[in-house]
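Asks: 3D model of this:
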Amino acid sequence: MRRVFCAIVGLLALPGAAVAQSVAEQLNDYPTAARADYVFACMVTNGQTREMLDRCACSIDEIASILPYEKYLEAETVLSMRRVGGERMSFFQSAAMAENMVADLRRAQAEAEIICF
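Replies: Next comes the predicted model:
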């Protein structure tokens, strides 16, 4: 209990710094490599032109503004596990939790497509 109190007091002592850091983290919580992977895959699918680079970059930026990176990573993991197949992976095919994760990603992708493409 004492540690929690000290942590709260420490955060209150620097409210501007804590708020600024959390806002920056919220705006750019996707690692550069994850953004680049998305853009490369998008360009392979849609054409490797400068226009597609801009549209694909726009798309991942929109997805990032809608879905926190942790949720994006969970959904991508479910989709990846679905491709593996097999009896052990059947959980990822039918579990409601897995379906909800993928549905959130699909909604974010659809919104990004409307805005960017």
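Asks: Report the residue spans of this protein with pLDDT below the cut-off.
Replies: Residue ranges of the chain with pLDDT under 70: 1-27, 88-93.
Asks: Select the longest helix from it.
Replies: helix 96-116 (DSSP state H).
Asks: Okay, buried residues for that one please.
Replies: Of the residues in helix 96-116, Ala98, Met101, Val102, Asp104, Leu105, Ala108, Gln109, Glu111, Ala112, Cys116 count as buried by neighbour count, 16 or more other Cβ atoms under 10 Å. C-beta coordinates here come from the backbone N, C-alpha and C atoms, glycine included.
Asks: Run through the residues that contact the fifth one.
Replies: The reference is to Leu105. Ile63, Leu67, Lys71, Tyr72, Ala75, Glu76, Leu79 (Cβ atoms under 8 Å, 6 or more residues apart in numbering).
Asks: Near the last one, how many other residues are there?
Replies: Just to be clear, that refers to Leu79. Per other Cβ atoms under 10 Å, the neighbour tally for Leu79 reads 15.
Asks: likewise the fourth one?
Replies: The criterion is other Cβ under 10 Å. On that basis, Tyr72 has 22 neighbouring residues.
Asks: Is it in a helix, a strand, or coil?
Replies: Following DSSP: H, G, I helix; E, B strand; the rest coil, the label given to Tyr72 is helix.
Asks: Now Asn28. Nearest residue, chain neighbours left out?
Replies: Excluding its sequence neighbours, the residue lying closest to Asn28 (Cβ to Cβ, 6 or more residues apart in numbering) is Ala64, at 7.6 Å.
Asks: circling back to that earlier point, including distance to Met43, could the buried residues of helix 96-116 go into JSON lines?
Replies: Shown next, in JSON lines, are the buried residues of helix 96-116 (distance: Cβ to Cβ, whole Å):
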{"residue": "Ala98", "distance to Met43": "28"}
{"residue": "Met101", "distance to Met43": "25"}
{"residue": "Val102", "distance to Met43": "23"}
{"residue": "Asp104", "distance to Met43": "24"}
{"residue": "Leu105", "distance to Met43": "19"}
{"residue": "Ala108", "distance to Met43": "19"}
{"residue": "Gln109", "distance to Met43": "15"}
{"residue": "Glu111", "distance to Met43": "20"}
{"residue": "Ala112", "distance to Met43": "15"}
{"residue": "Cys116", "distance to Met43": "13"}
